[in-house]
Structure formats: C-alpha cells, structure tokens
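**Q** When you get a sec, could you give me coordinates for this:
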Amino acid sequence: MKMTWTWTGEEATIDDLVECAGPGWRKHVEQMVADLEALGWSGKVTQVKEKFGGLRFYFEYEGIPENLQRVAMAVEIFHEGQSTMTCQLCGKHGTTRRKENSGWLATLCRTCAVERGYPLEKWEEPDMDSAVKAVKEDPAVP
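**A** Numbers count the residues shown, from 1 in each chain. The predicted structure is shown next:
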C-alpha cells in the first residue's frame, strides 16, 4: 500500500513513520498499518509521534467503511497502549518513566533508562548508582 502524508501529499514509508515515533516501536507501527489496511484504509497519515511516553498515530479514516471505523479506532488505541510497555528506543519491554526535574515522559527499558539518566522503578534497582554500576560491569544486563 502506498501511504501519504495528508498535509503534503508526499509518500510516507514505514521508515518515515518509525523515524517520527521511535525505532523501538517499529513493530507497533508496522502492525497498525497492516491492521488498518485490512479494514480498507486509504493510507493517509496525518501525524505519527511520541506523546506522554506513548505512540500517537493520527490518520484519516478515508477508505474504511463507516461500520468499521470503530474497529479502526480500537486498532489505534490497542497499539498506542502496547507502546507504553515497549521501549521506544530498542523494542524491549519498557516502562513509562518521568525524568526527574523535567516532567518529560519516555517509555524505556532498564538499560536505555540508565543510559539516558531516567530513574528506575524501585523493583528494578535499589538506587541509581547500583543500576549504573551493574550496566557498566555487565554488558549482558537487559
């Protein structure tokens, strides 16, 4: 299927959509596009982005029969929800985290969180120094 950006009419590829969202969410973007195609979607994409630590995929319902538009909305909600459990950078299991003193949210796995200075959950490590030390000493730590 040929996808296009609604605001320019230019072609939009899966790679373009993933670049807007984050490489770790590729599988969600690909599956959402496939699910929407199965409903008859025209391929018109308005915007793809990360917002509040989750994937946002805005599209036109053009081509989707009216009786299936609620299904298309459910597909969108499902994949956006799944993204909040997937690291937006590497695709591993992730947790939505807030960077201290900023309010910026990101969904990151343990390793990507430590590398970017996001705090870990209490169940992940007793403190940030232990997490950084574990990652530096053992590159196999997930």
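**Q** Which residue ranges of this protein form strands?
**A** Taking DSSP state E to define them, one finds strands in the chain at 3-5, 11-12, 44-51, 54-59, 95-98, 105-108.
**Q** Go through the ones you listed and name the closest to Asp35.
**A** strand 54-59 (10.8 Å; C-beta to C-beta). (Each C-beta comes from the backbone N, C-alpha and C, glycine too.)
**Q** Please name the strands paired to that closest one in the sheet, noting orientation.
**A** In the sheet, strand 54-59 lines up against strand 44-51 (antiparallel) (DSSP bridges).
**Q** Now do the strand it pairs with, average pLDDT.
**A** Mean pLDDT, taken over the full extent of strand 44-51, equals 95.
**Q** just to revisit the earlier point, quickly compare the strands of the chain and say which is most buried.
**A** strand 105-108 (a mean of 23; mean count of other C-beta atoms under 10 Å).
**Q** circling back to that earlier point, let me have the strands of the chain in TSV, adding distance to Glu30 as columns.
**A** TSV is the format used below for the strands of the chain (distance: least, C-beta to C-beta, whole Å):
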stretch	distance to Glu30
strand 3-5	12
strand 11-12	13
strand 44-51	12
strand 54-59	11
strand 95-98	21
strand 105-108	18
